[in-house]
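[1] build me a structure from this.
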Amino acid sequence: MLKKLLILSLLAIFAAGCETSRTLSENGWRQITSAEQQELVRRARNVVIADRKSWREEQGKFIMETQPDVRIIYDGDCSGRAIISWVHPESSKAFNVVFTGVLNSDSTSELHVRYSVVRDTAPRIIRDAGTGGIRPPALDISYKEMQEIKKR
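    Purely as a prediction, here's the structure:
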């Protein structure tokens, strides 16, 4: 009986394949392998390069030659959202590809793709011309003190 149980458990492990050897995310979900992650990066490059009107030659070269920022958020075993982005340093243009669904699937019904290009502009510094950009110190008064001021 023990021998049959051992054989059945080994068969179950082999039937599951690499699913049992996957690492777990912090939430306990099975993660995609590094090879599957590199496949997502390859697909993301193809999506960006296919949209020829959104990038110039040096930006396309940058996308093909540099590793993107990859952020994966799991909401199930090998499923969730993978955000792959390149930010071109000279033009501050961000090329973002987001995969949602079963991340190691080849089916378009299980893995959805969104692509966007965003120009990142530098934040503007707004100063008050009347005070020369210097703010007055914050007023720390209590509710009781405020009521006394109103009475005067």
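
[2] can you verify residue 39 is assigned to a strand?
    No. Residue 39 is assigned helix when assessed by DSSP: H, G, I helix; E, B strand; the rest coil, not a strand.

[3] now do the contacts for it.
    residue 104 (Cβ atoms under 8 Å, 6 or more residues apart in numbering). For glycine as for every other residue, the C-beta is placed from the backbone atoms N, C-alpha and C.

[4] where does this protein have low pLDDT?
    1-21, 25, 120-141, 143 (pLDDT under 70).

[5] the nearest residue to residue 117 once chain neighbours are set aside: how many residues sit nearby?
    With sequence-adjacent residues excluded and distances taken as Cβ to Cβ, 6 or more residues apart in numbering, residue 117 is closest to residue 54, at 4.7 Å. When neighbours are defined as other Cβ atoms under 10 Å, residue 54 has 15 of them.

[6] got the contact list for residue 110?
    So residue 110 contacts 101-102 (Cβ under 8 Å, 6+ apart).

[7] what number of residues lie near residue 61?
    Neighbour tally, residue 61, other Cβ under 10 Å: 11.

[8] again, but for residue 104
    When neighbours are counted by other Cβ under 10 Å, residue 104 registers 19.

[9] against residue 110, how distant is it?
    Applying Cβ to Cβ, to the nearest Å, the value for residue 104 to residue 110 is 9 Å.

[10] so where does residue 84 fall, helix or strand?
    Residue 84 belongs to strand 79-87 when elements are defined using DSSP states H and E.

[11] give the partner strands of the helix or strand following that strand in its sheet and their orientations.
    Note on strand 79-87: by DSSP H and E, the next helix or strand toward the C-terminus is strand 93-102. Paired strands of strand 93-102, with direction, are strand 79-87 (antiparallel), strand 111-119 (antiparallel) (DSSP bridges).

[12] buried stuff in strand 93-102?
    Using 16 or more other Cβ atoms under 10 Å as the test for burial, strand 93-102 gives 93, 95-102.

[13] again with stretch 100-116
    100-104, 111.

[14] which stretches of the protein form helices?
    Remark: helices assigned in the chain by DSSP state H are 2-16, 34-50, 57-65, 143-151.

[15] name whatever forms a beta bridge with the nearest residue to residue 71 once chain neighbours are set aside.
    Leaving aside its sequence neighbours, residue 71 sits nearest to residue 83 (Cβ to Cβ, 6+ apart; 4.6 Å). Residue 83 has these beta-bridge partners by DSSP bridges: residue 71, residue 98.
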